[in-house]
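K.L.:
Just need the structure, nothing else, for what follows:
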Amino acid sequence: MKILGIETSCDETAAAVVEDGYKLLSNVVASSATLHAAYGGVVPEIAARSHLEVITPVIEEALRVAKTTWEEVDAIAVTQGPGLVGSLLIGVLTARTLAIANHKPLFPVNHVQAHVFAVFLTETPLPGYKLPTKPPQFPLLALIVSGGHTQLALFKNLLDYKLLGQTSDDAVGEAYDKVAKMLGLPYPGGPSIDKAAGKGNAQAIKLPIAKVDNTYGFSFSGLKTAVLRAAQGASGHDYTFPSTKLPAALTEPQKADIAASFQHTAAQTLVSKLEAAARQYKPKSIVIAGGVAANQELRKQASKAFSAPVIYPDIKLCSDNAAMIATLGYYLAINGQKPADPYSLEVKSSLSM
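P.N.:
The predicted model follows:
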């Protein structure tokens, strides 16, 4: 069974073909990140316009690479939410049109949930991918970390899960972007912080881990504020000093130490919650997925915390992609999910797990 996946929740326009929920036949991504870099974050109007320009050639390329015709596509899966309304609309309207024109069933997919399903891809003829050798076992504990989401979920089986906790304010990836901007590092913040941290001392600055009411909940706004105060102090100024002037007031070694200390504390926050949940629920598999799953400090701390290997998607499948959408779409299809009406499917920008 071949599923065409379409993903346009933020600034990546993506299409992929997945066969039988485990074989990755194509994975095409066109990112507009460079267009947003000058603004220090995603501009919704620019993202939507970029999707509109490239979505048709991206889908055509995904089918070409997969050596798949429309006659061989069994269903279409598309991100319904969460995400930017304008971006989601381009993907959903395209998927609706293609489903009608080609008489294919259409499955709406939750983008956050789909991140976990990237680890079920275990085979591909495509070069350059390092996939898990076998799918994870249930119960499965999943930490989903990205620019828009920080959630901890327990999956009893493929489609039966319980949300244990989530962030009450900033997602961890969002905190990375804001700290990077504070230090004058390029967007996106994750890779920039990671690179700068490699030259710094993670123990240089003591930063707090937020205490929240939910044992498995997260909060990163306090950490972000603590970084701001540390940066202001390092620059020789008090709390009234504008954050916009910090990049010029800090030396490169200071920026590296702040980046390393922030990254160490952010990863420690995530891993400590994951450890607590693992002790209580004793999962057979632990998965870390989403864009921040590519972070080397997070992977290093997780490898020290758990005796059994933590499962990650391939680096290219950590950030937003359509392969994870197609994979979840496949499992929805074979488990009796009723296809959506392609004439009326709407986006849900605030869709939650």
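K.L.:
switch to C-alpha atoms for all contacts and neighbour counts from now on
P.N.:
Fine.
K.L.:
What are the boundaries of the strands in the chain?
P.N.:
Under the criterion DSSP state E, the chain carries strands at the ranges 2-7, 12-19, 23-31, 75-81, 106-110, 140-145, 150-155, 161-166, 285-289.
K.L.:
Against which helices or strands is the third one packed?
P.N.:
Contacts defined by 3 or more CA pairs under 8 Å, 6 or more residues apart in numbering; DSSP states H and E place strand 23-31 against strand 12-19, helix 44-65, helix 323-334.
K.L.:
Check the gap between the closest residue to K134 other than its chain neighbours and A323 for me.
P.N.:
Leaving aside its sequence neighbours, K134 sits nearest to T122 (CA to CA, 6 or more residues apart in numbering; 6.0 Å). Taking CA to CA, to the nearest Å as the measure, T122 falls 12 Å from A323.
K.L.:
Look at those two and report which has more neighbours.
P.N.:
Using other CA atoms under 10 Å as the criterion, T122 and A323 rank with A323 on top: 35 against 19.
K.L.:
who's the closest residue to the more buried one other than its chain neighbours bridged to?
P.N.:
Spatial nearest neighbour of A323, chain neighbours left out: A16 (5.0 Å); criterion: CA to CA, 6+ apart. Listed beta-bridge partners, A16: G5, N27 (assigned using DSSP bridges).
K.L.:
Now do the closest residue to F107 other than its chain neighbours against A322, distance only.
P.N.:
Nearest non-adjacent residue to F107, counting by CA to CA, 6+ apart: A77, 4.7 Å away. Separation of A77 from A322 (CA to CA) stands at 9 Å.
K.L.:
what do the two both touch?
P.N.:
Counting by CA atoms under 8 Å, 6 or more residues apart in numbering, the shared contacts of A77 and A322 are 5-6.
K.L.:
Pull out the buried residues from stretch 52-60.
P.N.:
Residues of stretch 52-60 classed as buried by neighbour count (16 or more other CA atoms under 10 Å): 52, 55, 58-60.
K.L.:
just the helices in the stretch 251-353 of the chain please.
P.N.:
In the stretch 251-353 of the chain, the segments counted as helices under DSSP state H, counting those that start in this stretch are 252-281, 296-305, 323-334.
K.L.:
isn't S285 right up against K134?
P.N.:
No: taking CA atoms under 8 Å as the definition, S285 is not a contact partner of K134, at 11.3 Å.
K.L.:
re the thing from before, and P309, which of the strands of the chain is closest to it?
P.N.:
With CA to CA, the closest approach to P309 among those belongs to strand 285-289: 8.0 Å.
K.L.:
Run through the neighbouring helices and strands of the closest one.
P.N.:
Applying 3+ CA pairs under 8 Å, 6+ apart, one finds that strand 285-289 contacts helix 111-117, strand 140-145.
K.L.:
who's in contact with it?
P.N.:
For strand 285-289, contacts defined as CA under 8 Å, 6+ apart pick out 115-116, 118-119, 136-145, 309-313, 318.
K.L.:
ChimeraX command to pick out the buried ones of those residues?
P.N.:
Entered in ChimeraX, the line below selects the buried ones among the contacts of strand 285-289, by 16+ other CA under 10 Å:
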select :115,116,118,119,136,139,140,141,142,143,144,145,310,311,312,313,318
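K.L.:
Okay, the residue of the chain most remote from its centre and T251: tell me how far apart.
P.N.:
Largest separation from the mean C-alpha position in the chain: G236, at 36.3 Å (CA atoms, centre = their mean). Using CA to CA, G236 is found at 11 Å from T251.
K.L.:
list the contacts for the nearest residue to I286 once chain neighbours are set aside?
P.N.:
Nearest residue to I286 in three dimensions, chain neighbours excluded: L141, at 4.9 Å (CA to CA, 6+ apart). Going by CA under 8 Å, 6+ apart, L141 touches 152-155, 277-278, 283, 285-287.
K.L.:
what do you get if the cut-off is 7 Å, keeping everything else the same?
P.N.:
If a contact means CA atoms under 7 Å, 6 or more residues apart in numbering, then L141 has 153-155, 283, 285-287 as its contacts.
K.L.:
Got the domain ranges for this protein?
P.N.:
Domain assignment for the chain by automatic domain parsing gives 2-132+315-334, 140-305.
K.L.:
Start and end of the first one, how far apart?
P.N.:
Start-to-end span of domain 2-132+315-334 (CA to CA) is 12 Å.
K.L.:
Off-centre distance for it?
P.N.:
Computed by CA atoms, centre = their mean, to the nearest Å, the separation of domain 2-132+315-334 from the middle of its chain amounts to 13 Å.
K.L.:
Low-confidence bits of the protein, can you list those?
P.N.:
38 (pLDDT under 70).
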